[in-house]
Every structure is written in structure tokens, then in C-alpha cells.
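**Q** Structural data only, the sequence is not supplied:
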């Protein structure tokens, strides 16, 4: 009889202790811990909050002119190039790499499309297809050097950036194909710049391409085996290899797709600017702005975590800041100051969020 009573007491002590431990762990985690876990599970939440806050702040400060259909769609038109490049950059960074050549490849692809049409008399549609093919091939070269030769992505793409810039000037002979010539002889090159009205707002086909590309890549990364392999390679390539993931094939597919998207960006650039120019500044700014959008968008520079939708939000944040400050009459340098602060803040936040998985 005493033995049974002691057993009951012992069981009640254990039960109470387990409840106390569970409640202690729940209290220890608290609001900050739950917030950390939520941001780790949904990386695109932070840039979405920043984007909404920026729109509200500029809307209050500037009034109805900022919320006009013209202003809001102008943001989309301004970020269409950066948005497509950011989609490409996101794929590389998700594999724990970085691509410093995306802007230069986009410019070279646009030059190829234009020069093939006007120098060799190739039909514009065929020139676009050849430009997309060459962009994909250049991406394959970078992917092979990274996955087979085992060179660091930073070194490979830095070298490729220099090669593409030189090839761009050598091939184009530093000539610009004017907008008037394209309109009269090769309007297909400007197809993605065609505008249409919807609900009082003006959109271009380039904007639709950007949104469709982001949606397609977001689905592929979230719901396909290829997408899971991309995240696995970025998180730990050795563990992914042991789990049966073909790391070489995954990296090759990523870099080839990035090359294709960069070439697609070149086509978007022709539609946006109307002309074909080998300007080096466009390539350099494309690199910086794409990385900026990705970092602000919550994609980890260490790879394996983030959402391409977040990178899209990051591009929109840059566009909102640029347009809002311009409409407010502020010095353009304030845009760079605020974006620089956002970059540092985004990386710091990423470091804090990563502690959840450690």
C-alpha cells in the first residue's frame, strides 16, 4: 500500500515537473523568439512590411499625387529591369554564390540582339532568340567553372564581368542604335516596351514579364524538386550530395537559367530605353541594384534561405524610395543614404534570424 502511494507521488512529481519545464520553455522563448521563428519561416515578410510602410509614409507626406495610378505604375516601369535582374541574382545567391556579371551580360545581350539585326540583316525575332541562346551559353560557362573547376563564384563572375564589358565594346564598336531606327526597321526589338491601359494605369509588356517571371520562379522554388535542390545546395552542398542531389547539375541549371534571364533583361532594356547602347554604367548599376534588391528582400547571402518574392519586394522598395524622394524634391543622395542603411539593416537582421537554425 505505501509502495503504491509512493509510486503515485513519484508520477505526480514527474508530471508536474514536465509541465513546469514545458511552461518554462514557452515563457523563455517569448514574443521575440516567436517573432524570430516567424521571420525565419517567412523571409519575405520583412521587405513586405518595409514596402507597405514606405508607401504609407510617402502617401501621407505627398498626398494623393503619390497614390495616383500614374505614380504607382511608374514605379513598376522603373523597376522592371532591376526586378528581372534581381530574379536572376536571387537564384545564384540562394546557392550561396554571387554573380557580378548580370548587368554586363544584360547589356551585351541587348547589343547582340541589335547588332545581329542591323549589321547582319537577321530578322529581329531570330536575333532575340540568338541573344537569349548566347546569354544561356555564357551562363553555362560560369556554371561549369563554379561546379566543375570549383572556382569561387565571386572570382568567376568578377572575371566574367570584365570579359563581357570588353566584349561589349569591341563587338559594338561603341555604336548606339537609335530609337528611331529601331521603330522603323525592327519594332519587334522594342516589343516589351509596348504600353497598354488597365484601370486607369499604364503598364508595359516588360512589367508583365517581370511579374510573370517572379511568379513562375517562386512556384518552381517552392513546389518542385529542382527548387528544393537549389535550397539544399545553398544550405550545405556536401549534405545535399549525400542526400542524392546532383550538385553539379543543379548549379549548371541555375547559372544557365541566370544567363537566360539576363539576356531577357537585355530585351527588356531595349523596350524600356528604346535604343541599344553599350553604356558601361548600365551594366555596373545593374549589378549593384540587383544585389541591393536581393539583400533588402531578405535572401541570405549565406545561401539556402529566402524567397524570390522578397527580392521583388526589395526592388519595389528601391523604386518607392527613388520616386517618393524625387517627388518630394529631396537631394538624390538621400536615396542612396537610405538604401545603404536598409542594406546594413537587412544583413544584420539576417544574422539575427539565422540564429534560429543554430
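**A** Great, that's in hand. All values derive from a computational prediction rather than experimental measurement.
**Q** quick one, strands of the stretch 151-300 of the chain?
**A** 195-198, 201-204 (DSSP state E, counting those that start in this stretch).
**Q** residues of the last one that come out buried?
**A** By neighbour count with 16 or more other C-beta atoms under 10 Å, strand 201-204 contains the buried residues 203, 204. C-beta: built from backbone N, CA, C; applies to glycine.
**Q** partners of it, with directions?
**A** strand 195-198 (antiparallel) (DSSP bridges).
**Q** Can you redo the strands of the stretch 151-300 of the chain as JSON lines, where the extra columns are mean pLDDT and distance to residue 263?
**A** As requested, the strands of the stretch 151-300 of the chain are exported to JSON lines (pLDDT from 0 to 100; distance: least, C-beta to C-beta, whole Å):
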{"stretch": "strand 195-198", "mean pLDDT": "84", "distance to residue 263": "23"}
{"stretch": "strand 201-204", "mean pLDDT": "85", "distance to residue 263": "18"}
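**Q** among the ones you listed, which is nearest residue 32?
**A** strand 201-204 (40.4 Å; C-beta to C-beta).
**Q** what's that closest one in contact with?
**A** The set of residues external to strand 201-204 that reach it, using C-beta atoms under 8 Å, 6 or more residues apart in numbering, is 69-70, 72-73, 76-77, 80, 192-197, 271-272.
**Q** same check, this time on stretch 300-312
**A** 40, 42-44, 46-48, 83, 86-87, 89-91, 93-98, 210, 214, 217-218, 221, 231-236, 293-295, 297-299, 347, 350, 354.
**Q** in it, what counts as buried?
**A** 300, 301, 303, 304, 305, 306, 307, 308, 309, 310, 311, 312.
**Q** Strands - which of those land there?
**A** Among the buried residues of stretch 300-312, no member is found in strands (DSSP state E).
**Q** Inside helices: which ones of those residues?
**A** Mapping the buried residues of stretch 300-312 onto helices (DSSP state H) picks out 308, 309, 310, 311, 312.
**Q** Now pLDDT too, for the residues you listed, in TSV please.
**A** Converted to TSV, those look like this (pLDDT from 0 to 100):
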residue	pLDDT
308	93
309	93
310	92
311	93
312	94
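**Q** Rebuild the residues you listed as a markdown table, extending it with distance to residue 165.
**A** Formatted as a markdown table, these follow (distance: C-beta to C-beta, whole Å):
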| residue | distance to residue 165 |
| --- | --- |
| 308 | 27 |
| 309 | 31 |
| 310 | 29 |
| 311 | 24 |
| 312 | 27 |
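**Q** for those residues, which one is nearest residue 186?
**A** residue 312 (30.3 Å).
**Q** Quick check: which ranges of the stretch 1-150 of the chain have low pLDDT?
**A** 1-29, 35, 39-40 (pLDDT under 70).
**Q** Spatially nearest residue to the residue most central in space within the chain (excluding sequence neighbours)?
**A** The chain has residue 86 as the residue nearest its centroid, 2.8 Å off, counting by C-alpha atoms, centre = their mean. Closest residue in space to residue 86, ignoring its immediate chain neighbours: residue 293 at 3.9 Å, by C-beta to C-beta, 6 or more residues apart in numbering.
**Q** so what's that neighbour up against?
**A** 82, 83, 86, 89, 311, 312, 314, 315, 317, 318.
**Q** Out of the residues you listed, which end up buried?
**A** Members of the contacts of residue 293 classed as buried by 16+ other C-beta under 10 Å are 82, 83, 86, 89, 311, 312, 314, 315, 317, 318.
**Q** right, and the fourth one touches residue 102 too?
**A** Yes. When contacts are counted by C-beta atoms under 8 Å, residue 89 is listed as touching residue 102 (5.8 Å).
**Q** anything in contact with each of those two?
**A** With C-beta under 8 Å, 6+ apart as the test, residue 89 and residue 102 both reach 258, 290.
**Q** on that earlier part again, from the buried ones among the contacts of residue 293, pick the one nearest residue 53.
**A** Distances from residue 53 to these, taken as C-beta to C-beta, are shortest for residue 317 (9.6 Å).
**Q** That closest one against residue 54, yeah?
**A** Yes. In this structure residue 317 lies within contact range of residue 54 using C-beta under 8 Å: 6.2 Å.
**Q** just to revisit the earlier point, got the buried residues of stretch 300-312 as TSV, with distance to residue 287 columns?
**A** Formatted as TSV, these follow (distance: C-beta to C-beta, whole Å):
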residue	distance to residue 287
300	19
301	15
303	19
304	22
305	22
306	19
307	21
308	18
309	22
310	19
311	14
312	18
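**Q** ok so, going back, do you know which of the strands of the stretch 151-300 of the chain lies nearest residue 59?
**A** Here strand 201-204 is closest among the strands of the stretch 151-300 of the chain (C-beta to C-beta), at 16.1 Å.
**Q** from the middle of its chain, how far away would that closest one be?
**A** 22 Å (C-alpha atoms, centre = their mean, to the nearest Å).
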